[in-house]
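Q: Sequence first, then the predicted structure:
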Amino acid sequence: MNAATNSTAPATARAERQILTPTNLHDALVMRAEHPEATVINGGTDLMVDINYRRRAPELLLDLSRVAELRRRRREGAAVRLGAGVTFATLEGPPFLTTTPALSQAARTVGSQQIRNRGTLGGNLATCSPAGDAWPPLVAGLAEVEVASVRGRRRLAVSDFALGPKKSALAADELVVRVAVPTARGPQAFLKVGPRNSMVISIASLAVITDTERGELRAAYGSAGPVVGLVRLPLADARDLPDAVADACRPIDDVRGSADYRRQALRVLAARAVERCLR
């Protein structure tokens, strides 16, 4: 186990910030158990913004960026298993373009290339923002999250992981270690609406997955409710998806858009996604 200190702490924080730097998953879980109050960091694309703007001043960080196990990915049967430390830059390229196309499409919309080089799948999940770009493809894809602690491991559906905005089902001593994403069994699409094409938090986002094995169409929508929502329809009723999504979503008015705009945007995105998936 290693520990380091950061000499660049904000002026408002008089004590030096301590950083725990495990180099393997076992040590990371031990440190998490010993220091449940520690703030976890890997890519840091969200957390460092808060620290730099002094919205947060954590005294203890658990840095997972040196844990190689969290960067592993492999194909296993009908699923792709992705370590929590896999970056969006990795996901936007092959083989994910064909194995998990909606997730790959979403990865390409995340921030700038620099952000995609640093931002991780696990971090996007753990933040539990309904605007997180990885969330709709994972929810629509019926992905599972694997979390671990010194007590053992457990798996839960991605849709059960988020309990609300920035609130997850993680216990205080647990870490997100892996995500299992079923491979494509039909066309997939991811679309989002924002003031511009990149470097923006989505006003509304949507992933649509056709599952020929189950004979159904699944759509997961983001930025239109406290958590990402899921709509499921038989493939034969695919043309009803725009109305089904618009009826199911629970958007709010905020500085990025009105509830009415979000609902109409999702209706349009759903129509476009169905056209792309069924043409």
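A: Received the coordinates, thanks. Numbers count the residues shown, from 1 in each chain.
Q: Where does pLDDT dip in the stretch 1-150 of the chain?
A: For the stretch 1-150 of the chain, applying pLDDT under 70 flags the ranges 1-15.
Q: For the longest helix seen in the chain, enumerate the helices and strands it packs against.
A: Using DSSP state H to define each element, the chain has its longest helix at helix 259-278. Helix 259-278 is packed against strand 188-193, strand 204-211, strand 216-222, helix 241-248, with contacts defined by 3 or more Cβ pairs under 8 Å, 6 or more residues apart in numbering; DSSP states H and E. The C-beta positions use only the backbone N, C-alpha and C, and glycine is treated the same way.
Q: Run the angle between the helix or strand that comes right after the third one and helix 241-248 for me.
A: Moving toward the C-terminus from strand 216-222, the first helix or strand encountered (DSSP states H and E) is strand 229-234. Per axes from the mean of the first three to the mean of the last three Cα atoms, to 10 degrees, the angle that strand 229-234 makes with helix 241-248 is 140 degrees.
Q: What pairs with strand 229-234, parallel or antiparallel?
A: If you go by DSSP bridges, strand 229-234 pairs up with strand 216-222 (antiparallel).
Q: Extract the C-alpha set from the strand it pairs with and format it as PDB.
A: The C-alpha trace of strand 216-222 is given here as PDB (Å, rounded to 0.1, in the frame of the first residue of the first chain):
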ATOM      1  CA  GLU A 216     -38.300  -6.500 -28.100                       C
ATOM      2  CA  LEU A 217     -37.200  -2.900 -28.500                       C
ATOM      3  CA  ARG A 218     -35.800  -1.200 -25.400                       C
ATOM      4  CA  ALA A 219     -35.300   2.600 -25.000                       C
ATOM      5  CA  ALA A 220     -33.600   4.300 -22.100                       C
ATOM      6  CA  TYR A 221     -33.800   8.000 -21.700                       C
ATOM      7  CA  GLY A 222     -31.500  10.400 -19.800                       C
END
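Q: now for the helices and strands packed on helix 259-278, which one comes closest to residue 46?
A: strand 216-222 (15.7 Å; Cβ to Cβ).
Q: sorry, back to before: right, so of the helices and strands packed on helix 259-278, which gets closest to residue 102?
A: From the helices and strands packed on helix 259-278, taking Cβ to Cβ, the stretch that ends up closest is strand 188-193, at 3.8 Å.
Q: roughly how far is the closest one from the heart of the chain?
A: 15 Å (Cα atoms, centre = their mean, to the nearest Å).
Q: when you give positions from now on, start the count at 449
A: Understood, numbering begins at 449; the last thing we discussed is strand 636-641.
Q: Tell me the strands beside it, with direction?
A: strand 652-659 (antiparallel).
Q: The partner strand versus helix 707-726: what angle between them?
A: Computed with the same axes, to 10 degrees, the direction of strand 652-659 lies at 30 degrees from that of helix 707-726.
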